[in-house]
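**Q** this one's structure only:
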């Protein structure tokens, strides 16, 4: 899964990973892991991230061919 989380953080006033983590009540390391593609967020967290960043889940996260089952 690809993520545009970093792109949207910067479009929203250059939010730091820590600032975004605080907005959605997770650790900074969680944001680091999501941006690095090492962690797939829960549906709830994906929805919260999209809401706080003023976008949609579909814009934040893109399934890759290898993700299709």
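**A** Now that the structure is in, tell me what you want to look at. Note that the coordinates shown come from a computational prediction; the quantities given were computed from them, not determined experimentally.

**Q** can you pull the contacts of the most centrally placed residue in the chain?
**A** By CA atoms, centre = their mean, the chain has its centre lying nearest to residue 5, at 4.2 Å. Shown in contact with residue 5 (CB atoms under 8 Å, 6 or more residues apart in numbering): 20, 31, 34, 35, 49, 53, 60. Just so you know, the C-beta spots here come from the backbone N, C-alpha and C atoms, and that holds for glycine as well.

**Q** quickly note the distance from it to residue 68.
**A** 21 Å (CB to CB, to the nearest Å).

**Q** what's the answer for residue 4, then?
**A** Taken as CB to CB, the span from residue 4 to residue 68 is 19 Å.

**Q** how many neighbours does residue 46 have?
**A** 20 (other CB atoms under 10 Å).

**Q** now residue 39
**A** Using other CB under 10 Å, residue 39 has 16 neighbouring residues.

**Q** quick check: closest non-adjacent residue to the residue nearest to the centre of the chain.
**A** residue 35 (5.1 Å; CB to CB, 6 or more residues apart in numbering).

**Q** and the nearest residue to residue 31 once chain neighbours are set aside, its phi and psi?
**A** Spatially, and ignoring its direct neighbours in sequence, residue 31 is nearest to residue 17 (4.4 Å; CB to CB, 6+ apart). Reported as degrees, to the nearest 10, the phi and psi values for residue 17 are phi -60, psi -40.

**Q** start at 143, not 1
**A** OK, 143 is where the count begins now, so the last one is residue 159.

**Q** now do the contacts for residue 159.
**A** 151, 170, 173, 174, 177.

**Q** before we move on, what about residue 209?
**A** residue 143.

**Q** any idea how far residue 176 is from it?
**A** Taking CB to CB, one finds residue 209 at 15 Å from residue 176.

**Q** ok, residue 197 next?
**A** For residue 197, the distance to residue 176 - CB to CB - is 14 Å.

**Q** neighbour count winner among these two?
**A** Each of residue 197 and residue 176 has its neighbours counted (other CB under 10 Å); residue 176 has more, 25 against 17.
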